[in-house]
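Undergrad: Pasted the sequence and its predicted model underneath.
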Number of protein chains: 2
Amino acid sequence: MAQKNPTSADQLESRSREVLREIVIQYISEGDPISSRSLARSGRFALSPASLRNVMADLEDLGYVFQPHTSAGRIPTDRGYRFFIDHLMKSRKLTLHERGVIDENVSRTSELDEVMHLCSRLLSKLSDQVGLVFMPTLEHLTMRSLDLVPVADRRVMCIIVGTNGVVADKMIQTEQNFSRDELGRIARYITSEFAGLTLDEVRLRMQSLLDEERARYDELLRSSMILGLEVVGGVLPHEHELFVEGTNSILSKPEFANADAMRKTMLALQEKEKLVKILNQLNEDGLRIVVGSESQFTHDYNLSMVVTKYGSASRPHGVVGIIGPTRMEYGRISPLVAYLGQVLSRKIEETEEERGS
Amino acid sequence: MAQKNPTSADQLESRSREVLREIVIQYISEGDPISSRSLARSGRFALSPASLRNVMADLEDLGYVFQPHTSAGRIPTDRGYRFFIDHLMKSRKLTLHERGVIDENVSRTSELDEVMHLCSRLLSKLSDQVGLVFMPTLEHLTMRSLDLVPVADRRVMCIIVGTNGVVADKMIQTEQNFSRDELGRIARYITSEFAGLTLDEVRLRMQSLLDEERARYDELLRSSMILGLEVVGGVLPHEHELFVEGTNSILSKPEFANADAMRKTMLALQEKEKLVKILNQLNEDGLRIVVGSESQFTHDYNLSMVVTKYGSASRPHGVVGIIGPTRMEYGRISPLVAYLGQVLSRKIEETEEERGS
DNA sequence: TGCTGGCACTCAGCTCCAAAGAGTGCCAAG
DNA sequence: CTTGGCACTCTTTGGAGCTGAGTGCCAGCA
């Protein structure tokens, strides 16, 4: 019997823990409700099915497992998964092969944008789930230089290079027509004046400079600020960029075998804004696993996420991870995500150093 | 009885034509096999169901319709659709509303890339199908100017502006480190030397210039050519860009209600390379409708396309259209696609003129 | 000759039922 | 506390039977 109450749940009787673990593991690999007999057959318990049934009934009372119908085996609840993940799971190490594939691929690319794209593809492929790489707002990006290139009548292409190697580009419409030389002068001015600040800070200072007395008679200053605000002001194209790769792989999962579940899932994955919101809310460092009902987003859909933040130690950068059915191999996927987080972070630090020198 | 043989099919007896037309129209709107009775009920024929059955049997012999099983009504075959499209279909005019939505939206955007994106969204929304806009290779793009911006150690951002307003950007790795000034000089040199040529021609001339005697001692020339070839040589990022918008909408079509069809369809839509290949093969001008089995791509999937080329009169540009289940309202969708093709073309011509002046 | 009503036939889809199988819960005995 | 046994529940599967929609064909009629 369970002498623990549901609220102080992290101390299940040792036997119950083992049973719960076995249920989750078996369920993850089979996908069917787990019966007392199949637990007994596993050989992991010196107990008869009847005894296991008692334990299972307790686990059900505590809300860790449930039966889809009276005469069926047990399936872990989200709560059961949670407990499994927090206390029972043993992460597998990465295989040499996985590590090799990642290292090799990543070493071949140098452009940061590409690396991120690559990572989401790799994640998707290696985990057979949907890979995510999220590159958060550039508000905190530190500007290293700005370039302005005339493209057409009153149309200017802006290129902002950040200290962390991220490059943002944006097309803007200008009020007046600037010549190539004027644009060059303005860009040099802005670079010299604002390099080293975050875009947020740049925006603030530009605004205040524009309000100052000096802007009245300093033509270069004024047009620079007006143009600059245009650049920094709006949403940059790369902002909130979210790579979602491998939606296919999720289509063949048995939990989405019926058309309705499939449709719902696909629609959910298209709602990037919602996803971005959730990802933005993650504020702990390290690996984070969100199980089904724990999040607004994954709530309805039997979806879970395994994600981690990446970025240089000094400056958090974004979120990388996978999204897939709640019934997934957390033990295999967690180290994968963790490793890719590390790889991305290292890559970013490398680029920063390179630039620093 | 049909006195025509299947091969000279475009001259069906007038009555058969009407029946086929009615079958296709009804089937498109209902989605269920069409019976002789429901044709009779339509009031369009002064004939009894029994007589219509005879006509239908003829149409079946000629391969225009088929029965999913012996005691079911008739469904058009791909061949039936083809005949309908070529000879029987009456295109509806665009509604004021549709026209309004398109005009208003398009007039609000000026950036060409954005316009294309917008068009695929509009198409998808207005047709409730998957919208496509395909921007073909830039090989034939005429270069107006080139800019080179240093981004990091041996990394350079290139911006090519075409005479038609298309802007391509690309990040390249260089052998040596160029200063901002050097890059500026190189860019100016290339622009002055090659503006007005297509990228293909640019590539050729650069290669031959590099092989010339002069390149031995003219340092600027040599490094310009090496860098330039790097820029023009590889595949540019925008090349083959294909916007696919509104995959959601297809998910709720009844023909994809079962999970398997849905999965296949989604997978098909992800295969952009294949799609690009098909789109590239379209070489007729004007509206083109590809029905199911007529194309490699749409073969397996019950998919059809309605597409048209767009671009200025002088220079074809790309392909715009929709993709959806074979059972779709061709009469409503065709003018929509045609109109969007016109709109895009006009937009492109406008940008060219603007630049020409 | 062409059209039509009638009729036999086919077939998908639904409901109903029975049997099988998988599992559970509970109890009494070890 | 464990366990074998047993009754019970519930899903799944398959078959039988019925219904309705539709067809093809034929014979009679204009």
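TA: Ah, there it is. Numbers count the residues shown, from 1 in each chain, chains lettered A, B, ... in the order given.
Undergrad: Quick one: name whatever helix or strand follows whatever helix or strand A:Arg188 lives in.
TA: Using DSSP states H and E, A:Arg188 maps to helix A:180-194. Downstream of helix A:180-194, the first helix or strand assigned by DSSP H and E is helix A:199-211.
Undergrad: and that following helix, what does it pack onto?
TA: Packing partners of helix A:199-211 (3 or more Cβ pairs under 8 Å, 6 or more residues apart in numbering or on different chains; DSSP states H and E): helix A:180-194, helix A:219-233. From N, CA and C alone the C-beta is placed, and that goes for glycine too.
Undergrad: now do 10 Å
TA: Other helices and strands packing on helix A:199-211, by 3 or more Cβ pairs under 10 Å, 6 or more residues apart in numbering or on different chains; DSSP states H and E, are strand A:143-152, strand A:155-162, helix A:180-194, helix A:219-233.
Undergrad: Can you list phi and psi of A:Ser35 for me?
TA: phi -100, psi 160 (degrees, to the nearest 10).
Undergrad: how far does stretch A:117-126 sit from the chain's center?
TA: 12 Å (Cα atoms, centre = their mean, to the nearest Å).
Undergrad: Okay, buried residues for that stretch please.
TA: A:117-124, A:126 (16 or more other Cβ atoms under 10 Å in any protein chain shown).
Undergrad: now, which of the residues you listed sits nearest B:Met266?
TA: Distance to B:Met266, by Cβ to Cβ, is smallest for A:Ser124 among the buried residues of stretch A:117-126, at 14.8 Å.
Undergrad: Apart from its chain neighbours, what residue comes closest to the closest one?
TA: A:Gly246 (2.8 Å; Cβ to Cβ, 6 or more residues apart in numbering or on different chains).
Undergrad: Run a quick neighbour tally on that neighbour.
TA: 23 (other Cβ atoms under 10 Å in any protein chain shown).
Undergrad: Name all residues that make contact with it.
TA: A:Gly246 is in contact with A:120-125, A:127-132, A:322-324, B:270, counting by Cβ atoms under 10 Å, 6 or more residues apart in numbering or on different chains.
Undergrad: repeat that with 6 Å
TA: Applying Cβ atoms under 6 Å, 6 or more residues apart in numbering or on different chains, we find A:Gly246 in contact with A:124, A:130-131.
Undergrad: State the distance from it to A:Gly43.
TA: Per Cβ to Cβ, to the nearest Å, A:Gly246 is found 36 Å from A:Gly43.
Undergrad: Sticking with A:Ala168, tell me its helix or strand.
TA: strand A:167-173.
Undergrad: number of nearby residues for whichever residue of the stretch 51-200 of chain A sits closest to DNA strand C?
TA: Relative to DNA strand C, the nearest point of the stretch 51-200 of chain A is A:Ser71 (3.8 Å; Cβ to the nearest atom of the strand). Residues lying near A:Ser71 (other Cβ under 10 Å) number 7.
Undergrad: That one belongs to a strand?
TA: No. Counting by DSSP: H, G, I helix; E, B strand; the rest coil, one finds A:Ser71 to be coil, located in no strand.
Undergrad: What does it show for phi and psi?
TA: According to degrees, to the nearest 10, A:Ser71 has phi -100, psi 40.
Undergrad: What does the pLDDT read for it?
TA: pLDDT for A:Ser71: 89.
Undergrad: for it, what are its contacts?
TA: Not one residue lies near A:Ser71 by Cβ under 6 Å, 6+ apart.
Undergrad: A:Gly318 sits in which helix or strand?
TA: Using DSSP H and E, A:Gly318 falls in strand A:316-325.
Undergrad: should've said A:Lys93
TA: Of the helices and strands defined by DSSP H and E, none includes A:Lys93.
Undergrad: That's all I had, so thanks and see you.
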